[in-house]
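Colleague: just need the structure, nothing else, for what follows:
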Amino acid sequence: MENGESSNDSNQNFREWIDLYSDQLYSWAFYKTSRKETAEDLVQDTFVAAMQAYTKFENKSSIKTWLFSILKNKIYDYHRNNFKIELASEKLNSETINSRNNFFDKDEEWINSAHPADWGEPNENLLDNLEFNKALKKCLEKLPPQWNSAIQLKYLASKDGKIICQELGITPTNFWQILHRAKLNLRKCIELNWFNKK
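Modeller: Numbering: from 1, shown residues only. Have a look, this model is predicted:
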């Protein structure tokens, strides 16, 4: 404990942090995983990790920033592990990877019913729109877990593709094909659940 802080003092601090930050941490974890139980577990793991590392905390950031930093790493680990588990259980094969998902014909041309709609130029940043974010979240939830994790790792955790491939133990070709299929499905889902309902 820092500055001769007693065990009772540190326990009181943690109770206060739990009261102050649990809801915010949970909301962020749920947004990043789309799973209630997972979000709850990640928040709990965050507080456990914070308690274990408390003596190393140097007050270079606020407690809230520190907790969110721990949670961010927990979320990244969750998606990385989730991807690996799915990969092992499904034994990702060429049929899964190369499935056309009803987007292309045998000549790799767009099927008329699946051809992307023109989204035009939005007059706002869609990620600032609460309703759009709800639609995006629903569409992410509909993706297979492995595809969801690929999108989360690449675009929401902003990890470099080469690093992701090394950490997941997959080839760049497999990773980019997974991302491609996931983006096709996301686009179609967003068209149906956002642009067609505006």
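Colleague: report the buried residues of stretch 70-77.
Modeller: For stretch 70-77, a neighbour-count test (16 or more other CB atoms under 10 Å) marks Ile70, Leu71, Lys74, Ile75, Tyr76 as buried. Quick note: C-beta positions are derived from backbone N, CA and C, even for glycine.
Colleague: any chance of JSON lines for the residues you listed, columns secondary structure, pLDDT and distance to Thr38?
Modeller: Output for these, formatted as JSON lines (DSSP: H, G, I helix; E, B strand; the rest coil; pLDDT from 0 to 100; distance: CB to CB, whole Å):
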{"residue": "Ile70", "secondary structure": "helix", "pLDDT": "93", "distance to Thr38": "16"}
{"residue": "Leu71", "secondary structure": "helix", "pLDDT": "93", "distance to Thr38": "12"}
{"residue": "Lys74", "secondary structure": "helix", "pLDDT": "92", "distance to Thr38": "10"}
{"residue": "Ile75", "secondary structure": "helix", "pLDDT": "88", "distance to Thr38": "9"}
{"residue": "Tyr76", "secondary structure": "helix", "pLDDT": "84", "distance to Thr38": "13"}
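Colleague: adding distance to Leu126, write these out as a markdown table.
Modeller: Shown next, in a markdown table, are these (distance: CB to CB, whole Å):
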| residue | distance to Leu126 |
| --- | --- |
| Ile70 | 29 |
| Leu71 | 25 |
| Lys74 | 27 |
| Ile75 | 22 |
| Tyr76 | 24 |
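Colleague: nearest to Phe195, of those residues?
Modeller: Ile75 (28.7 Å; CB to CB).
Colleague: against Thr38, how distant is Glu16?
Modeller: Taking CB to CB, to the nearest Å as the measure, Glu16 falls 25 Å from Thr38.
Colleague: how about Leu156?
Modeller: 15 Å.
Colleague: ok, Phe195 next?
Modeller: In terms of CB to CB, Phe195 sits 29 Å off from Thr38.
Colleague: quick one on the thing from earlier: quick one: which of Glu16 and Thr38 has more around it?
Modeller: A count of neighbours by other CB atoms under 10 Å puts Thr38 above the other of Glu16 and Thr38, at 16 against 11.
Colleague: this protein: helices as residue ranges?
Modeller: Assigned by DSSP state H, the helices in the chain fall at 7-33, 36-53, 63-90, 94-98, 130-142, 145-151, 161-168, 172-193.
Colleague: now, which of the buried residues of stretch 70-77 sits nearest Asn129?
Modeller: Using CB to CB, these come closest to Asn129 at Ile75, 23.0 Å.
Colleague: show the contacting residues for that closest one.
Modeller: Ala29, Lys32, Thr33, Leu42, Gln152, Ala157 (CB atoms under 8 Å, 6 or more residues apart in numbering).
Colleague: perfect, I'm done here.
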